[in-house]
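J.: below are the sequence and a predicted model for it; my questions follow.
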Protein chains: 2
Amino acid sequence: MRLDEKFHLRIPGPTPVPPRVQHAMNRPMIGHRSAECSRLVLDGSRRLRKVFGTREDILIITGSGTSALEAAVSNAVAPEEEVAVVVTGAFGDRFAQIADRFGARVHRLDIPWGEACSPDRLSRFLADRPQVKAVFLTHCETSTGVLNPIRDLASVIRDRTDALIIVDGVSSLGGVPCAMDEWGIDILVTGSQKALMLPPGMAFVAVSSRAWEVIRQTEGPRFYLDLRTYREQLQKETTPYTPGIAHLFGLEAVLDMIEEEGLENIFARHRLLMEMTRAGIRALELPLLTEDAVASPTVTAVRGGDDLDVSALQQELHRLGVIVASGQQYLKGKIFRIGHMGYCDPLDILTLLSATETALHRLGIPVQWGAAVGAAEEVWSRV
Amino acid sequence: MRLDEKFHLRIPGPTPVPPRVQHAMNRPMIGHRSAECSRLVLDGSRRLRKVFGTREDILIITGSGTSALEAAVSNAVAPEEEVAVVVTGAFGDRFAQIADRFGARVHRLDIPWGEACSPDRLSRFLADRPQVKAVFLTHCETSTGVLNPIRDLASVIRDRTDALIIVDGVSSLGGVPCAMDEWGIDILVTGSQKALMLPPGMAFVAVSSRAWEVIRQTEGPRFYLDLRTYREQLQKETTPYTPGIAHLFGLEAVLDMIEEEGLENIFARHRLLMEMTRAGIRALELPLLTEDAVASPTVTAVRGGDDLDVSALQQELHRLGVIVASGQQYLKGKIFRIGHMGYCDPLDILTLLSATETALHRLGIPVQWGAAVGAAEEVWSRV
């Protein structure tokens, strides 16, 4: 059988699209100014609120996740304004790059890749920089599998400053609890192709009323990603520009699936997938990049070392039909990453771990047959 | 039967997605840094060249058509620079709005909606404004159904200035001939959801070497839509940010269909669809918005009048399961628009005309049964 026809996509996004969502996306095309398209936009905007933990409407942008990161920067930060960006990996770095490109004065708080930013660390950083107008955080740092403690980070920011709190939730929302309103997040963005189980190409943004005040007054050139226009048009039950309508069809099915399973159950499933993955990898005596306390329920990074060439392992897994991701930037060749978010269940993790045992064996690395699978099964049995 | 399950989408985009394209879009999701995704990006980029009439690679942006209009502005025009925008309808107006938002000094050449811009008119306009750095044109103005004579307009621009020639080909490319290199177009953009038969959510941009020189030197904040990054990443056989992968799957099927039918045959089919539509509408004694000489092969606008309330006709057609579009801005309530591009054949036009006869009859407007259909059949018989 050809491996491009039967394979297991276990990268941290894009993630597999459920058959039910694919089916929904096959609906005959409709007009973007039709009543049905308005219904899909409004419904999507409202039903996503729970995923974000907010009472605000969710704005729907047709674009990659990065388009939403840019919207968060360009709408909220004026040129020459000072901002702090907590960089725990490649996506924190992207926030810093975008802010820099839009003329902000960027104060980077660089955290070693694989670690989370602690509230103390951020508090001390901000103590010296009370003038920053916005603080950019990454919830799950996809490049390392770290889950930053957003609630506690937001709390120390609020204690120190009135800065806007802007959070990248691309690889967390829909898989990990997030309480935007309760935690005091001002702008929260995510993409379609991670825990939300859609193909890439759509992005979602929520904005607090505090942030709307800032956005209203922020000048600087923007058109396609001007959030004010999205808000105005949503009040007219539409989007400013022709949206990705097939994605809107799919979003409806995704939201049905989320509501049927229940968000709490979804979060518990993602924690279980993480724990099974970590137990299995540990049983193979492979080092995990992140500590348990900061591990993300959506993605797990595994280190290589003297004994293990991670690229070779990745290739061997590929030959078996299991696709994992390599490291990015500094971590290229040093880690591989397993995505376990969205349309993923415990059996998928057992498949992945079983393939990993086989791949290691084929690379001449001694493994106890069934060790990883057994350890993960044991974790699963405790649920 | 419910009309939301069986209907005929005859608006000027989004257009119906062919079953073969839908099928392709259902392929299991893949990683955006995989060899297969690189193949899709490169193949798409190269095979689209013929549609654009260029030897340049086509850049693939995940976003609505407007994201590509913005890219054309923000990459090529610096703040305070003077530009000319030929406005023949809502989409020319959008180019002017975007240029204005990005700080350009915009010289608008406003043409009455429903007319094309003549080369003479543009020549005189530019004679008084030799300092403009770029001229923005709309190939097919979707809001009116006018096809502007881009070859001749580009020629008078070249005769007068070194200004970049930037063209919106959103509702023309893939349905109407366009020879970017031969005509001297510098930036040409289009969207996925018109004659290219994909769902909305992807946009395509081609850039001449002359324009790359300008883009390289154009400062101003841009990140997601920075064309330099798309070009660099295309040289590495990828896109800068996660692309709409389902759209890439579909694009491959679209390009197969285009190559199998042949571009010349596709253009002839679109001309036939236009001629059948116009003959049918004339047989019903309804006034066409545009003259034959400037009519677009992709969309036809029909005027209302004392006898005909176009909104009522549109609603009656809707009840019959045929969806046409209303007018935009000044033309709201004054015209309706029929899309006949992409996955559309002569029988679709006969269906539309037959429904129009029935709808008019139901509105109490006297029609000779079969008049429109017969006139269109006669046109078809001459091919």
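T.: On my side now, so go ahead.
J.: I figured residue A:54 hits residue A:207, correct?
T.: No - counting by Cβ atoms under 8 Å, residue A:54 stays clear of residue A:207, with 9.1 Å between them. All C-beta spots, glycine's among them, are computed from the backbone N, C-alpha and C.
J.: looking at those two, which is more packed in?
T.: Applying other Cβ atoms under 10 Å in any protein chain shown to residue A:54 and residue A:207 shows that residue A:207 carries more neighbours, namely 30 against 21.
J.: who does that one bridge with?
T.: residue A:187 (DSSP bridges).
J.: show me the contacts for residue A:31.
T.: Going by Cβ atoms under 8 Å, 6 or more residues apart in numbering or on different chains, residue A:31 touches A:37, B:9, B:11, B:14, B:323, B:325.
J.: tally of neighbours for residue A:186?
T.: Residue A:186: 26 neighbours (other Cβ under 10 Å).
J.: same check on residue A:113?
T.: Neighbour tally, residue A:113, other Cβ under 10 Å: 25.
J.: and it, how far from chain B?
T.: Here the criterion is Cβ to the nearest Cβ, to the nearest Å. By it, residue A:113 lies 18 Å from chain B.
J.: likewise for residue A:148?
T.: 21 Å.
J.: show me the contacts for that residue.
T.: A:86, A:88, A:116-117, A:137-141, A:294.
J.: confidence score at the nearest residue to it once chain neighbours are set aside?
T.: By the measure of Cβ to Cβ, 6 or more residues apart in numbering or on different chains, the closest residue to residue A:148 outside its immediate chain neighbours is residue A:116, 4.9 Å from it. What the model reports for residue A:116 is a pLDDT of 98.
J.: what about residue A:116, how many residues close to it?
T.: A count of nearby residues for residue A:116, using other Cβ under 10 Å, gives 23.
J.: contacting residues around it?
T.: A:88, A:146-149, A:290, A:293-294.
J.: packing partners of the biggest helix by length in chain A?
T.: Longest helix of chain A, by residue count under DSSP state H: helix A:263-283. The helices and strands touching helix A:263-283, judged by 3 or more Cβ pairs under 8 Å, 6 or more residues apart in numbering or on different chains; DSSP states H and E, are strand A:299-303, helix A:346-362, helix A:371-381.
J.: stretch A:264-278: which residues count as buried?
T.: Neighbour-count burial for stretch A:264-278 flags A:266-267, A:269-278 (criterion: 16 or more other Cβ atoms under 10 Å in any protein chain shown).
J.: now do the strands in the stretch 1-150 of chain A.
T.: Ranges of strands within the stretch 1-150 of chain A are A:8-9, A:59-62, A:82-87, A:105-110, A:134-138, A:140-141, A:146-147, based on DSSP state E, counting those that start in this stretch.
J.: in JSON lines: those strands, plus distance to residue B:211.
T.: Output for the strands of the stretch 1-150 of chain A, formatted as JSON lines (distance: least, Cβ to Cβ, whole Å):
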{"stretch": "strand A:8-9", "distance to residue B:211": "38"}
{"stretch": "strand A:59-62", "distance to residue B:211": "25"}
{"stretch": "strand A:82-87", "distance to residue B:211": "33"}
{"stretch": "strand A:105-110", "distance to residue B:211": "31"}
{"stretch": "strand A:134-138", "distance to residue B:211": "33"}
{"stretch": "strand A:140-141", "distance to residue B:211": "37"}
{"stretch": "strand A:146-147", "distance to residue B:211": "42"}
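J.: most packed of those strands?
T.: Highest mean neighbour count among those (mean count of other Cβ atoms under 10 Å in any protein chain shown): strand A:140-141, with a mean of 33.
J.: partners of that strand, with directions?
T.: Paired neighbours of strand A:140-141 in the sheet (DSSP bridges): strand A:146-147 (antiparallel).
J.: show me what secondary structure element comes after the partner strand.
T.: With elements assigned by DSSP states H and E, the helix or strand that comes after strand A:146-147 is helix A:150-160.
J.: ok, residue A:280 - contacts?
T.: Residue A:280 touches A:349, A:352-353, A:356, A:372-373, A:375-376, counting by Cβ under 8 Å, 6+ apart.
J.: what is the most widely separated pair among the residues you listed?
T.: A:352 and A:375 (13.0 Å; Cβ to Cβ).
J.: same drill for those two, tell me which one is more crowded.
T.: Each of residue A:352 and residue A:375 has its neighbours counted (other Cβ under 10 Å); residue A:352 has more, 28 against 19.
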